[in-house]
Structure formats: C-alpha cells, structure tokens
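[1] fold the following for me, if possible:
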Amino acid sequence: MQTRRIGDRAVSAIGLGGMPMSIEGRPDEQRSVATIHAALDAGVTLIDTADAYHREADEVGHNETLIARALASYGGDSSGVLVATKGGHLRPGDGSWTQNGDPGYLKQACEGSLKRLGVEAIGLYQFHRPDPRVPFADSVGALRELLDEGKIVRAGLSNANAEQIRQALEILGEDLVSVQNQFSPSFRSSEPELELCAELGLAFLPWSPLGGITSAAGLGDRFAAYAEIGEAHAVSPQQVCLAWMLAKAPVVIPIPGSSRPETIRDSVAAESLELSAEEIGRLNAA
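    Numbers count the residues shown, from 1 in each chain. Below is the predicted model of the structure:
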C-alpha cells in the first residue's frame, strides 16, 4: 500500500471524497456507510469532507456527521484515519454555492465541525474557497488563530492560486500542509499550483479527479487514451487516470468522490498500477 505525506502525517496515496454521499442524488445512509467502511477495509486513511457537503439548507454538516457515524460503527481500527474538512463555502439550499471568508465566521464554522466530527482538534482544516469580499490574508489569519488555539492540527487551502498559496505560507509557515484544487483530465488549469506544491513539499489533493459526479463514468468515452491503456492493463479508465495523477508528483493525493463500495475499491487499486513513460506521455497529451 502506497503512502504519501500531509505534513507530518502519512496517509494512503488515494483518499475518499465524501461529497457524493451528501448532496443531490445521494444514496441512502446504509450504502454511504458501507462505502466508507469499504474504503477503510481497502486501506484508505484520508477522508475528505466539508460543512458545505449537504443538500438542504437546514442540514449543514451532513457529510461530516455521516463520516463520524461511519467511523464510530466501523468494526476495525480507524484511529489512523485523517479526516480533512473545510469551512468558508456555503450552500443556501437552492443548489447554489456562496462564500464567507470572514475570520469570525470561519472560527464559528470550525466549532461546528468539531462538534459534528466529535473531536477535540481537527486533523486537517482547510479554507474552502477565497471570498472576494474579504482580504485573503484575513481569512488565512483565522486558520492561524485556530492552530494557536489547538482547535486544528494542520491547515490547508482549497481553490487557491499560486499567489494565494505563497501568501498563506507566509502566515502559516510549516503548518500549511495542503492545497485542494480541482484537477482532472478535462480540467488542468491547476497544473501551476500542482507544480508549486511539489516545489514546496505541500500535499496537492485533486478534487473531482475523474471529472465530477456526472462525468466520471464516461471518462474513457471522452479520453480514448485512458480507455486504451486501461484495456491493455485490464483495468478501468478511472484507475488509469488516478495512476497518472500519482505519477505526476509524490505530493499528489487524489480524493475521488464515491458513493458505492465498488467504486472506491476500484479507485484504491490505482495505487498498484504502474504506467510506462510512454503511457504517461500519451495521457499527458490526451
């Protein structure tokens, strides 16, 4: 089983993204819990969530609560699992997304996440999305205060550009350990941030690495190279995609969203898929 690092913490090279289990089209709780348990059985030790992963306006933190229940009911040892959550992004309940980077709000959001996860300190807390109405340094300053107060152990950013990453590093120093940006075969505009994270030794967590909830199943249809290479290795195009990401840099830890046990098992199998330089070149060019 491959491991990679988020700061001082070793985690599985493939994480589990919890969002599909809590937003529109989500499965029933029994299947969601089975999916989380399947991930743990497969060796996953990083689970990504956020207080904004919910469907209705009155169920903020649905996914955090779900993950806490699944960990509590797991029959094995889950003490080594790092749960990463986020604050600063909101869902009013009408399907839209808004931002709130006010420092006071972020500290309040963290308190809510602490209660829902049932922990004294959050292992990795990430500023979910920059708020154009609030100076970025002020929002990151809230993470600095949460670290100093012992409410969070490590800090990260999500949806941040290179300039913001460098600015956050000045404020957080070595306590900044991760950047979670969208990155997939169809969305490569975060490549500069991935390269910067590799340079700085920050974990880079691609969200929607397979193209998103509605597109992941058709990845091989949209990108023939992934299907062809998958066929050559007798694996899915999705496994090929995740193996390609792992080969890009040792700081990359994809977090594919999943709502079925079989899909997270397939994703985790990408850790053992070795691609040739020729195959990686084809995928880079796809």
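[2] immediately after the lengthiest helix in the chain, which helix or strand?
    What stands out as the longest helix in the chain, according to DSSP state H, is helix 103-117. Next along the chain after helix 103-117, taking DSSP states H and E as the criterion, comes strand 124-127.
[3] just how off-centre is the next helix-or-strand element following that following strand within its chain?
    Next helix or strand after strand 124-127 toward the C-terminus (DSSP H and E): helix 136-148. Relative to the centre of its chain, helix 136-148 is centred 20 Å away, using CA atoms, centre = their mean, to the nearest Å.
[4] with stretch 87-96 instead?
    Computed by CA atoms, centre = their mean, the separation of stretch 87-96 from the middle of its chain amounts to 18 Å.
[5] please apply the same query to stretch 55-70.
    16 Å.
[6] can you give me the end-to-end span of it?
    The first and last residues of stretch 55-70 sit 19 Å apart, counting by CA to CA, to the nearest Å.
[7] do the same with stretch 3-12
    First-to-last residue span, stretch 3-12, CA to CA: 5 Å.
[8] tell me the buried residues in it?
    Arg4, Arg5, Ile6, Gly7, Arg9, Val11, Ser12 (16 or more other CB atoms under 10 Å). (C-beta placed from N, C-alpha, C; glycine too.)
[9] okay, strands next: where are they in the protein?
    3-6, 9-12, 16-17, 46-48, 82-87, 89-90, 98-99, 124-127, 155-158, 176-180, 203-204 (DSSP state E).
[10] format the CA atom coordinates belonging to the fifth one as PDB.
    It stands for strand 82-87. Listed next in PDB are the C-alpha coordinates belonging to strand 82-87 (Å, rounded to 0.1, in the frame of the first residue of the first chain):
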ATOM      1  CA  LEU A  82      -7.100  11.600   8.900                       C
ATOM      2  CA  VAL A  83     -10.400  13.400   8.400                       C
ATOM      3  CA  ALA A  84      -9.900  16.600   6.400                       C
ATOM      4  CA  THR A  85     -12.800  19.100   6.500                       C
ATOM      5  CA  LYS A  86     -13.300  22.600   5.200                       C
ATOM      6  CA  GLY A  87     -15.100  25.900   6.000                       C
END
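[11] so what strands line up beside that strand?
    strand 46-48 (parallel), strand 124-127 (parallel) (DSSP bridges).
[12] and the helices in the chain?
    So, for the chain - with DSSP H - the helices run 29-41, 62-73, 103-117, 136-148, 162-172, 191-200, 219-222, 224-233, 237-248, 261-268, 277-285.
[13] Ser12 versus Gly118, what's the distance?
    Separation of Gly118 from Ser12 (CB to CB, to the nearest Å) stands at 22 Å.
[14] what about the chain, any weak spots by pLDDT?
    Nowhere does the chain drop to pLDDT under 70.
[15] count of neighbours near the closest residue to Leu273 other than its chain neighbours?
    Ranked by CB to CB, 6 or more residues apart in numbering and with sequence neighbours excluded, the top spatial neighbour of Leu273 is Ala243, at 4.0 Å. Ala243 has 26 neighbours, counted by other CB atoms under 10 Å.
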